[in-house]
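**Q** Sequence first, then the predicted structure, then my questions.
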Amino acid sequence: MKRLLSTIFLCGVALIISAQKVTSPNGKLMAQTIDKKLVINYKKQQVLELADIPFGKLDFVKKVKDDYQMLEGKRLHCTNQANEYQASIGPNAKVVMRLYNDGIAFRYEYTNLQNTKAPAEQTAYVIHEGTKRWMQVWSDSYEGFFPLLTTSVVKARGGFGGRPQNTYNTHWGYPLLMEPVDGVFALITEANIERRQSASSLFNNGEVFSVRQDQNDLLLSGDWHTPWRVIIIGTLADIVQSTLVTDVSEPTKYEDTSWIKPGVVSWIYWANNHGSNDYNIIKKYVDMAVTLRLPYVLIDAEWDEMNKVASNAGKTIEDAVAYANAKGVKPLIWYNSSIGWINGAPGPKFRLNKPEDREKEFAWCEKIGVAGVKIDFFSGDNQANMDYCLDLMESAARHHLLVNFHGAPIPRGWQRTYPNLLSTEGVYGAEWYNNVPTFTDKAASHNATLPFTRNVVGPMDYTPCAFSDSQHPHITSKAHELALTVLFESGLQHLADRPESFLSQPQAVQDFLGQLPTVWDETRYVSGYPGQSAVLARRSGNTWYVAGVNGSDQPQTLATNLNFIKKGSAKLFADDGNGQWSINTISKLPSQIACQPRGGFVLVVSK
C-alpha cells in the first residue's frame, strides 16, 4: 500500500504526544497521534501521515456545522460538519484543526504579535516516489497542464516558469491531486485568503514538498492567522463533490445580492486573437447573443482604442455598451490590472490601481450600463496582490459590477465571501489554441483531468465550446466541445467560438446554449479517472445535465449509471463517427455511452 507522508515543522518546542484518536463526524476519517506523528486513516486505510508535529494533545473545541447558500458553484445549498480541535505550538500560538466529513483543514493562529513579519511556516508534505500525482508547475497565472506523474524528478520545459532548459521543476501550484492508496485520493490546496495574508505554493526538494507563503512585507501586530491548509480526502466522488474550500471561507457580508446574476457570455477574443477595438465586430457578438438568447457579451481588450479605428466612424465604448443594452444583452468590459504584464500588453491600463481612480472608473461603468468587469494580468500570490484583488471586488460590489479575474491565481474561497466574483481563469484553457500548437494534441486528456483538479476548488473560466478553429486547430469532437459547457463549472461561462460557427450548428445545439445554466443545485460524479475520461451530472431545478468526455485517442465506452435521476424525457447530443452531430431523443437512460476518440456527449434529462 502506498502512503502519503506529510511532515510539518513549526518554530517551537516539539512535545511528546500520548496516543489519541480523533474522528470526523461521519467516522470515515480518523486521526491518531502516536509519539510525534499524526496518522490519518480513511475507512481504516492509512492515507496520510503528518510527522514531527510540534504540538501536544489535541483538545476538542467544538462541533462545526456549515449550512449556507451560494450564488454560483457546484452546489447552491452547501452543508458539512466537522469536529474542531486545537493544540498549543508555543507561546501565544496554536494550531486549529478540523476533521470534516470529506477532509481536513488546519491553520496556525497567533496572538499579541508585536510589529513583526508573518511567522515562518515550514509545513511540508512528503510524497514518496511511485505515488501517483497530478500537479502543475507554478506560474503566476496558474496556466499549466496536470500530467500524471509518479516521481518528483521532472525536467522543466525551457523557459516555462522562468526556468532554463535541462533543469528540474521545484515549484508547484495548487491544487495537487494524488492517489496515496488505490481508489483513495487526496487533494491539497488552501482557502480563505484574507487581508494581511499572502497565498502559498509548494516547493519540493526530492520527496519533500514544502508550503511557502509568498512575499508579505507587512509588519504585523495583534492577532494574525494563516489561511486554511486544506486536504480533501476520499473517493473521486468525494473530491469532485466537495465544497470544503468554501466551507472554511468567510461568509459574505453583502446584504443585497439580488443584482448578482450568473450567465453565459458571448466572447470576442478567441476567434480573432485580438481585442475589441472594432465596433462592427462587437455588434456581431451582441447580435449572436440575441439570437442564442445569451444574457451577456464581453467587450475585451483595446476598447479604449475604438475611436482610433477609421471604420468605426467615431464610435466609442459607450456606443458599444449602449448598443448591447438596447438589444437586451448586458455588457462586460476588460481591464488590464497594470501590475502583471504591462509592457507590450493591451489596454486600458492604470485605471484601477489607485483607490480614487478605481472608484471613478467603476462609477462610470455603472452609469453607462456595464454589468461587470474582466480584470487581467496579475503578478502572483504575494500579499500586495491579494489585497489588490480584495480592493477590486469590494469596489466593484459598491457599483453593482460582476468580476472575472484573468491571468490570476486560482480561487481560494473568495466566491463565497465576495459572490460578485463569478469566475477566475487560473487554468490552461481554450485561449491557448491562439498561442502555441501544444494544446491541440493534449487538450482532450487535459479536459478529462480538470474536473478532478483545478475545477474542484472553484469556478474556472476555461472559455469552452469551439466548433471551428482559431490559430491552431483543435481535434476534439463537436460533442466533446459541447460537453465542456456542463463539465466545467463557471458562474460566467464564456463561449469561445465565432458567431458564424455557432449559428451554423443545428437548432437543437443553439437551443441548448440558450438554455444552459451556469449555476447548479447539485453536482454528482458519475464515472471517470483523471486524464482518461470524466462524466459528471449537474442538476438545475428539475433538469439534469450529464456530460462526459473521452480524454484518449482511442474509442472508449463511458459508464453512465444514472439511477439517482428520476425518469423523464432525455435528449442525447453525441458524435456520429464522421465528424457530425448525432442528436436523438431517447426513452431510457443508458448505462453506458460509446464515445469517439477525443469525443464526448451531453444528456439532458427533463422531468
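**A** Structure's in. What do you need?

**Q** Contact partners for the closest residue to residue 595 other than its chain neighbours?
**A** Excluding the flanking residues, the one nearest residue 595 by CB to CB, 6 or more residues apart in numbering is residue 550, at 4.0 Å. For every residue, glycine as well, the C-beta is placed using N, CA and C. Counting by CB atoms under 8 Å, 6 or more residues apart in numbering, residue 550 touches 444, 448, 480, 533, 556, 558, 595, 596, 597, 598, 599, 600.

**Q** Count the residues that sit near the fourth one.
**A** Using other CB atoms under 10 Å, residue 533 is surrounded by 23 other residues.

**Q** Ok, the second one next?
**A** By the criterion of other CB under 10 Å, residue 448 has 27 neighbours.

**Q** Likewise for the last one?
**A** The burial count assigned to residue 600 is 33, neighbours taken as other CB under 10 Å.

**Q** Assign a three-state SS to residue 366, would you?
**A** Of the three states, residue 366 takes helix under DSSP: H, G, I helix; E, B strand; the rest coil.

**Q** so which helix or strand takes in residue 201?
**A** Assigned by DSSP states H and E, residue 201 falls within strand 200-205.

**Q** That strand: which residues count as buried?
**A** Buried residues in strand 200-205, counting neighbours by 16 or more other CB atoms under 10 Å, are found at 200, 201, 202, 204.

**Q** Ok, stretch 269-286 next?
**A** Here stretch 269-286 shows 269-271, 274-279, 281-286 as buried, counting by 16+ other CB under 10 Å.

**Q** And for stretch 52-64?
**A** By 16+ other CB under 10 Å, the buried positions in stretch 52-64 come out as 53, 54, 55, 56, 58, 64.

**Q** Check stretch 327-343 too.
**A** Residues of stretch 327-343 classed as buried: 329-341 (neighbour count, 16+ other CB under 10 Å).

**Q** Likewise for stretch 98-113?
**A** 98-108, 110, 113.

**Q** Give me the subset of these lying in strands.
**A** With DSSP state E as the criterion, strands contain 98, 99, 100, 103, 104, 105, 106, 107, 108, 110, 113 from among the buried residues of stretch 98-113.

**Q** Any regions of the stretch 51-200 of the chain where pLDDT drops low?
**A** 51, 157-166 (pLDDT under 70).

**Q** Recalculate using a threshold of 90.
**A** Residues of the stretch 51-200 of the chain that meet the criterion pLDDT under 90 lie in 51-57, 90, 120-128, 154-168.

**Q** Could I get the full set of strands for it?
**A** With DSSP state E, counting those that start in this stretch as the criterion, the stretch 51-200 of the chain has strands at 59-69, 77-90, 93-100, 103-116, 121-127, 132-137, 148-149, 171-181, 184-191, 200-205.

**Q** wait, which of those strands is closest to residue 497?
**A** strand 132-137 (26.1 Å; CB to CB).

**Q** packing partners for that closest one?
**A** strand 148-149, strand 171-181 (3 or more CB pairs under 8 Å, 6 or more residues apart in numbering; DSSP states H and E).

**Q** Now do the last one: which elements does it pack against?
**A** Identification of packing neighbours for strand 171-181 by 3+ CB pairs under 8 Å, 6+ apart yields strand 45-51, strand 132-137, strand 184-191, strand 200-205.

**Q** what's the most buried one of those?
**A** strand 184-191 (a mean of 26; mean count of other CB atoms under 10 Å).

**Q** Next, the distance between the ends of stretch 593-607.
**A** 21 Å (CA to CA, to the nearest Å).

**Q** ok, back up a step: widest-spaced pair of the buried residues of stretch 327-343?
**A** So, the buried residues of stretch 327-343 by CB to CB: farthest apart are 329 and 339, at 30.5 Å.

**Q** Spatially nearest residue to residue 26 (excluding sequence neighbours)?
**A** residue 101 (4.5 Å).

**Q** And the helices in the stretch 351-500 of the chain?
**A** Ranges of helices in the stretch 351-500 of the chain, per DSSP state H, counting those that start in this stretch, are 355-368, 383-398, 414-417, 438-447, 478-487, 499-502.

**Q** Same list (the strands of the stretch 51-200 of the chain) but as TSV, adding distance to residue 412.
**A** Formatted as TSV, those follow (distance: least, CB to CB, whole Å):
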stretch	distance to residue 412
strand 59-69	17
strand 77-90	16
strand 93-100	17
strand 103-116	12
strand 121-127	16
strand 132-137	15
strand 148-149	24
strand 171-181	8
strand 184-191	5
strand 200-205	10
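
**Q** what's the closest of those strands to residue 584?
**A** strand 77-90 (33.4 Å).

**Q** quick revisit: if we compare the strands of the stretch 51-200 of the chain, which one ends up closest to residue 325?
**A** Of all the strands of the stretch 51-200 of the chain, strand 59-69 comes closest under CB to CB, at 29.4 Å.

**Q** strands paired with that closest one, and their directions?
**A** Each strand paired with strand 59-69, and its direction, by DSSP bridges: strand 77-90 (antiparallel).

**Q** just to revisit the earlier point, in JSON lines, list the helices of the stretch 351-500 of the chain along with mean neighbour count, mean pLDDT and distance to residue 565.
**A** Shown next, in JSON lines, are those (neighbours: other CB atoms under 10 Å; pLDDT from 0 to 100; distance: least, CB to CB, whole Å):
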{"stretch": "helix 355-368", "mean neighbour count": "15", "mean pLDDT": "98", "distance to residue 565": "42"}
{"stretch": "helix 383-398", "mean neighbour count": "19", "mean pLDDT": "98", "distance to residue 565": "36"}
{"stretch": "helix 414-417", "mean neighbour count": "25", "mean pLDDT": "98", "distance to residue 565": "27"}
{"stretch": "helix 438-447", "mean neighbour count": "20", "mean pLDDT": "97", "distance to residue 565": "24"}
{"stretch": "helix 478-487", "mean neighbour count": "27", "mean pLDDT": "98", "distance to residue 565": "14"}
{"stretch": "helix 499-502", "mean neighbour count": "17", "mean pLDDT": "98", "distance to residue 565": "28"}
